[in-house]
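**Q** Please find the sequence and the predicted model below.
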Amino acid sequence: MNTSTIRETPVRPALRLISAAALIFFLAGALAAGPLVFEKSEYAGRRARLMDKIADGAAVILGAQPPAGYHPFVQSNDFLYLSGVEAPNAVLVVDGKRRESLLFLTLTERAARNDGIPLDLVSDPAGATGIERVLPAAELTAALERLAGQGYVLYTPFMPEELPRECSTEKWRALQTAMITNPWDGRLTREGQFKKLLGERFPKAEVRDCSSMIWEMRTIKSAAEADLLRKCARIGVNAYREVLKAVRPGMPEHELAALFEYHCKKAGAGDLAYYAIICSAENHPYLHYYKHDRILQDGDFVVMDCGPDLKGYDIDITVSFPVNGRFTPRQQEIYEACLAVHKASLGLYKPGLSADMVKAGVREILEKQGTNLDTDAFKQLSGGFGHYVGLAVHDVGRGPAVLRPGMVFANEPLAVFPAENLGVRVENTVLITADGCENLTDGIPREVRDIEEFMKKK
Ligand code: GLY
Ligand code: MN
């Protein structure tokens, strides 16, 4: 569904008040109290799908440990995905043979109150989570001995845990260089150490990786996940609209970043999904520039890439705009090339298409429209399908061979012209539906005329 061409219409103050109230009401649903974000059955279904994949064994998933320093506790994404439990030092065992799950957790009322963990996770953890058996953390060793003794294959994720603002594959690459293969370090990841200990303590047991099994499941979002992503997207879209209304020459980049974050958090987001990226002038070639250290000048063109996180789920949006609210002919040329490619892909996405089919289809559409694809603006463009989006902003899983309903990803064509201090990127987060796609982050002015009109509304 290509809805990115919807024109901005003036919103009256009363209407604005009503839509603000509606937004708060709408978000309240997602922010219901209780230990789990989704229904217990949602997590039970995920565990059951994992059991199908590990019928010869059990998966042991380590939960996140308490943070050092004054950071809030955050659960790792795979653990969160399978259990919804946000408490430190928990371990989940998903038993594929007995088709039941065990949660190893020792949580005092005081610790729960201190971390704001709902108390039913202390008084009735099995009832609160739907996990069949909840045992004290100290019983984990005996349970693993029993599983190994009964000839279970022991599955565990080999890839590093993914915490907020982290992406497991990128973390793995960084840790390999900085730690694992660093001759002056050489430590294993926590997962590597756990795998090693399982091998040493249960030499007869086979230890296998289950990261890709969980990741494959995470690639396809359920209706409940899509709904939460939709809510997160509304927060991001609204924050961008506020930023676009406020921006003007003389504004420091850090003020743009602060405004975006303020509007996201005001609407109920927990954090940003990643640091706010703001590229302008000489910083355009550094596509993830995040220092926010320029004062925006009349004539500057900005690429702003930010997204909120709501209840662990992320959204990815990039908006490109002139600081003074008026495109120069050259800014318009490169921007419209990028937008044309982006819109053509949104018009094509549907289940069954491969990335190559989309690429060929985009070319065909633009040629039919009489677009000259031989300009430097079109030749410079790269990107398109960027990465999955979900519990991580660069969510787990390789790019799709073929689009399937429930996939959520960022479409992010971009181009950079360093000699001209110019860059452009148009990015929306898109959900593949049964017969097309839904632009989750629709509602930001995208056409040149709409951006210019919108930015006049100071
Ligand atoms: N939002 C940053 C990126 O996709 O790389
Ligand atoms: Mn992206």
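**A** Structure's in. What do you need? Just so it is clear, the structure is predicted and the values come from calculations on it, not from any experiment. Ligands and ions are numbered 1, 2, ... in the order given.

**Q** going forward, measure contacts and count neighbours with C-alpha atoms only.
**A** Will do.

**Q** can you tell me which residues contact the residue nearest the centre of the chain?
**A** By CA atoms, centre = their mean, the chain has its centre lying nearest to Val393, at 2.8 Å. Listed by CA atoms under 8 Å, 6 or more residues apart in numbering, the contact set of Val393 reads Arg165, Cys167, Ala273, Tyr274, Asp314, Ile315, Asp316.

**Q** 7 Å instead?
**A** Contacts of Val393 were listed using CA atoms under 7 Å, 6 or more residues apart in numbering, and they are Ala273, Asp314, Ile315, Asp316.

**Q** and the first one, how many neighbours does it have?
**A** The local packing count at Ala273 equals 25, with neighbours defined by other CA atoms under 10 Å.

**Q** how much space between it and Thr129?
**A** 26 Å (CA to CA, to the nearest Å).

**Q** try the second one
**A** If you measure Asp314 against Thr129 using CA to CA, the figure is 23 Å.

**Q** most neighbours, which of the contacts of Val393?
**A** Of all the contacts of Val393, the most densely surrounded is Ile315 (35 neighbours; neighbours counted as other CA under 10 Å).

**Q** For the stretch 151-300 of the chain, which segments count as strands?
**A** Using DSSP state E, counting those that start in this stretch, the strands assigned to the stretch 151-300 of the chain run over residues 153-156, 207-209, 271-272, 277-280.

**Q** tell me the average confidence for the second one?
**A** It refers to strand 207-209. Average pLDDT, strand 207-209: 98.

**Q** ok, it: who's next to it in the sheet?
**A** strand 153-156 (parallel) (DSSP bridges).

**Q** Measure how far the strand it pairs with is from the centre of its chain, please.
**A** Centre-to-centre, strand 153-156 and its host chain are 27 Å apart (CA atoms, centre = their mean, to the nearest Å).

**Q** got it, and stretch 155-167?
**A** Chain-centre distance of stretch 155-167: 14 Å, with CA atoms, centre = their mean.

**Q** CA atoms only for it - export them in PDB, please.
**A** Provided in PDB are the C-alpha atoms of stretch 155-167 (Å, rounded to 0.1, in the frame of the first residue of the first chain):
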ATOM      1  CA  TYR A 155      20.500 -26.200  22.700                       C
ATOM      2  CA  THR A 156      21.600 -22.700  23.600                       C
ATOM      3  CA  PRO A 157      22.100 -19.500  21.600                       C
ATOM      4  CA  PHE A 158      25.700 -19.100  20.500                       C
ATOM      5  CA  MET A 159      25.200 -15.600  19.300                       C
ATOM      6  CA  PRO A 160      25.700 -12.700  21.900                       C
ATOM      7  CA  GLU A 161      22.700 -11.600  23.900                       C
ATOM      8  CA  GLU A 162      21.000  -8.500  22.400                       C
ATOM      9  CA  LEU A 163      20.200  -5.700  24.800                       C
ATOM     10  CA  PRO A 164      18.400  -2.400  23.900                       C
ATOM     11  CA  ARG A 165      20.300  -0.400  21.300                       C
ATOM     12  CA  GLU A 166      22.300  -3.500  20.400                       C
ATOM     13  CA  CYS A 167      22.100  -5.800  17.300                       C
END
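
**Q** in it, what counts as buried?
**A** Buried positions in stretch 155-167, judged by neighbour count with 16 or more other CA atoms under 10 Å: 155-167.

**Q** any idea which helix or strand carries the residue nearest to the centre of the chain?
**A** Per DSSP states H and E, Val393 falls between elements, in no helix or strand.

**Q** what's the answer for Ala410, then?
**A** Assigned by DSSP H and E, Ala410 falls in strand 408-411.

**Q** Identify the residues contacting that strand?
**A** Outside strand 408-411, the residues within contact range by CA under 7 Å, 6+ apart are 316, 342, 384-389, 427-432.

**Q** And stretch 352-359, by the same measure?
**A** Stretch 352-359 is contacted from outside by Ser345, Leu348, Ala401, Val402, Leu403, Arg404, using CA under 7 Å, 6+ apart.

**Q** hmm, 8 Å instead?
**A** Ser345, Leu348, Tyr349, Phe385, Pro400, Ala401, Val402, Leu403, Arg404.

**Q** Any of those residues buried? List them.
**A** Taking 16+ other CA under 10 Å as the criterion, what is buried in the contacts of stretch 352-359 is Ser345, Leu348, Tyr349, Phe385, Pro400, Leu403, Arg404.

**Q** related to what we said a few turns ago, restricting to C-alpha, output the strand holding Ala410 in CSV.
**A** What follows is strand 408-411 as a C-alpha-only set of coordinates in CSV (Å, rounded to 0.1, in the frame of the first residue of the first chain):
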residue,chain,number,x,y,z
VAL,A,408,8.9,-5.8,9.1
PHE,A,409,11.8,-4.0,7.6
ALA,A,410,13.2,-0.6,6.7
ASN,A,411,13.2,0.7,3.2
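
**Q** Mind checking what helix or strand follows it in sequence?
**A** The helix or strand immediately downstream of strand 408-411 is strand 414-417, counting by DSSP H and E.

**Q** For the stretch 1-150 of the chain, which segments are assigned as strands?
**A** Along the stretch 1-150 of the chain, counting by DSSP E, counting those that start in this stretch, strands occupy 57-62, 91-95, 100-104, 133-135.

**Q** Report pLDDT for the closest residue to Gly84 other than its chain neighbours.
**A** Of all residues not flanking Gly84 in the chain, Leu36 sits nearest, at 5.2 Å (CA to CA, 6 or more residues apart in numbering). With respect to pLDDT, Leu36 scores 96.

**Q** so where is the stretch 1-150 of the chain shaky, pLDDT-wise?
**A** The stretch 1-150 of the chain contains residues with pLDDT under 70 at 1-34.

**Q** quick one, helices of it?
**A** Here the stretch 1-150 of the chain has its helices, by DSSP state H, counting those that start in this stretch, at 13-30, 40-53, 77-83, 109-115, 120-123, 125-129, 140-149.

**Q** Out of these, which one sits most buried?
**A** Most buried of the helices of the stretch 1-150 of the chain, by mean neighbour count (mean count of other CA atoms under 10 Å): helix 77-83, with a mean of 22.

**Q** For that helix, which outside residues touch it?
**A** 43-44, 46-47, 61-63, 85-86, 92, 129, 131, 161-164, 214, 218, 312, 391-392.

**Q** Please name the residues that touch Tyr349.
**A** Residues near Tyr349 by CA under 8 Å, 6+ apart: Met1, Val358, Leu403, Ile432, Gly436, Cys437.

**Q** oh sorry, the question was meant for Ala281
**A** Contacts for Ala281 (CA under 8 Å, 6+ apart) come out as Asp300, Phe301, Val302, Asn421, Leu422.

**Q** Would you map the helices across the stretch 301-450 of the chain?
**A** Counting by DSSP H, counting those that start in this stretch, the helices of the stretch 301-450 of the chain are 329-348, 355-368, 376-380, 448-455.

**Q** Would you check how far apart the residue lying farthest from the centre of the chain and Ala137 are?
**A** No residue in the chain sits farther from the centre than Gly149, which is 39.4 Å out by CA atoms, centre = their mean. Per CA to CA, Gly149 is found 20 Å from Ala137.
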